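1. Structure, please.
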Amino acid sequence: MSTPHLITASDLRELGDDPKLRIVDATVHLRFGDGAPQIESGRESYLAGHIPGATFIDQLVALSDADGEAPFAVVSSDDFAAVVGDAGIGDDSRVVVYDTENGIWATRLWWHFGLEGFDEIAVLDGGLQAWVDAGFPIDRGESGYPPADFTARRRPERIESTDEVIADVDDDSVLLINALDRDAFAGGHIPGSVNVPFGELVDERGRLKDVPALREIFDAVGALDAGARPVTYCGGGIAATAAAFALSAVGRDDAAVYDGPMNAWTSDPARPLETS
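-> Model prediction:
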């Protein structure tokens, strides 16, 4: 069974010189250790090695609203259109996005494109490592495409704010899905949430599990119930998009992402948390 919006390294290679193809490295580096998480643009790693022809879109710098609810809050539709248009992506483009981390930065950009009404985008299964493992070449330095015109058409149903999630807590027709690991979930989560760790949606190579396995995971928490609309969230709005991506693979294209998540939720100590 095929998975929509997912492409293998071999299939990407076969696209060859398709004039509409736009390959995007979406890498951001996020490291955890003592103190605050360390976040860095992926531009340097892109320059050190990327899929031939790929351009780089800096989600950390260009696609995050510094005045938003949380550090990675989405920019306006106009700003998004300007950034991706400058990267050479137009309304008739065919986009493949990947990262060099654990796939969640690629799904973040996949979700952001979908938020702005663009669906001709696929995620490279397994990221750059899958390309390298297949024995395909990489380029170094800067690559890019001629600027293009991109029209953003935001789908407000794909994104939720803190105020909307506050209402969701008491709404039986909404299923809040926390995509963080099980320890983080147990340490504190939005009341009524279920836990689907993003790391359990992929195999040991970082490739998305097959559809039957994903269906089993989501069915176990009630995410396949037609009467419950999924809203995914995490710590900063990134891992949540991996859950939304996996949900799309099992036919749930109605998932929204809380684009403030725990960073925004816990900014007000009056907001409740559950532990388990």
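
2. Remind me what whichever strand or helix holds I23 packs against, helices and strands.
-> Taking DSSP states H and E as the definition, I23 sits inside strand 21-25. For strand 21-25, the contact count by 3 or more Cβ pairs under 8 Å, 6 or more residues apart in numbering; DSSP states H and E identifies strand 55-56, strand 94-98 as packing neighbours. For every residue, glycine as well, the C-beta is placed using N, CA and C.

3. tell me the mean pLDDT for the shortest one?
-> Just to be clear, that refers to strand 55-56. Strand 55-56 shows a mean pLDDT of 98.

4. Parallel or antiparallel, which strands does it pair with?
-> Within its sheet, and counting by DSSP bridges, strand 55-56 is paired with strand 21-25 (parallel).

5. among the helices and strands packed on strand 21-25, which is the most enclosed?
-> strand 94-98 (a mean of 23; mean count of other Cβ atoms under 10 Å).

6. on that earlier part again, for the helices and strands packed on strand 21-25, give me a markdown table that also has distance to P156.
-> A markdown table is the format used below for the helices and strands packed on strand 21-25 (distance: least, Cβ to Cβ, whole Å):
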| stretch | distance to P156 |
| --- | --- |
| strand 55-56 | 28 |
| strand 94-98 | 22 |
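
7. before we move on, back to that, for whichever helix or strand comes after the strand holding I23, list every residue counted as buried.
-> Note on strand 21-25: by DSSP H and E, the next helix or strand toward the C-terminus is strand 28-31. By neighbour count on 16 or more other Cβ atoms under 10 Å, the buried set for strand 28-31 is V28, H29, L30.

8. For these, point out the one with the lowest pLDDT.
-> Among the buried residues of strand 28-31, L30 has the weakest pLDDT, 82.

9. Could you pull out the strands in this protein for me?
-> For the chain, the strands defined by DSSP state E occupy 6-7, 21-25, 28-31, 38-41, 55-56, 94-98, 121-124, 159-160, 174-178, 194-195, 229-233, 256-258.

10. out of those strands, nearest to F245?
-> Smallest distance to F245 across those (Cβ to Cβ): 6.7 Å, for strand 121-124.

11. thinking again about what came up before, ok, which of the strands of the chain comes nearest F80?
-> strand 159-160 (12.2 Å).

12. what lines up beside that closest one in the sheet?
-> Each strand paired with strand 159-160, and its direction, by DSSP bridges: strand 256-258 (parallel).

13. So for the strand it pairs with, what gets flagged as buried?
-> For strand 256-258, a neighbour-count test (16+ other Cβ under 10 Å) marks A256, V257, Y258 as buried.

14. Distance to G42 and pLDDT added to the residues you listed, as TSV?
-> TSV is the format used below for the buried residues of strand 256-258 (distance: Cβ to Cβ, whole Å; pLDDT from 0 to 100):
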residue	distance to G42	pLDDT
A256	26	98
V257	21	98
Y258	24	97
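
15. Closest to P272 out of those?
-> Y258 (15.3 Å).

16. From what I see, the closest one and V231 are in contact.
-> Yes. In this structure Y258 lies within contact range of V231 using Cβ atoms under 8 Å: 5.8 Å.

17. Pull the contacting residues for V250.
-> V211, L214, R215, F218, L224 (Cβ atoms under 8 Å, 6 or more residues apart in numbering).

18. let's see it at 6 Å
-> Each residue near V250 by Cβ atoms under 6 Å, 6 or more residues apart in numbering is listed here: L214, R215, F218.

19. Please apply the same query to I238.
-> I104, R108.

20. now do I159
-> L115, V257, D259.

21. Ok, G235 next?
-> G235 neighbours (Cβ under 6 Å, 6+ apart): P261, M262.

22. Regarding it, what are the backbone dihedral angles?
-> The phi and psi values for G235, taken as degrees, to the nearest 10, are phi -90, psi -40.

23. Roughly how far does the residue nearest to I7 when sequence neighbours are not counted sit from V211?
-> Leaving aside its sequence neighbours, I7 sits nearest to A122 (Cβ to Cβ, 6 or more residues apart in numbering; 4.2 Å). A122 is 16 Å from V211, where distance means Cβ to Cβ, to the nearest Å.
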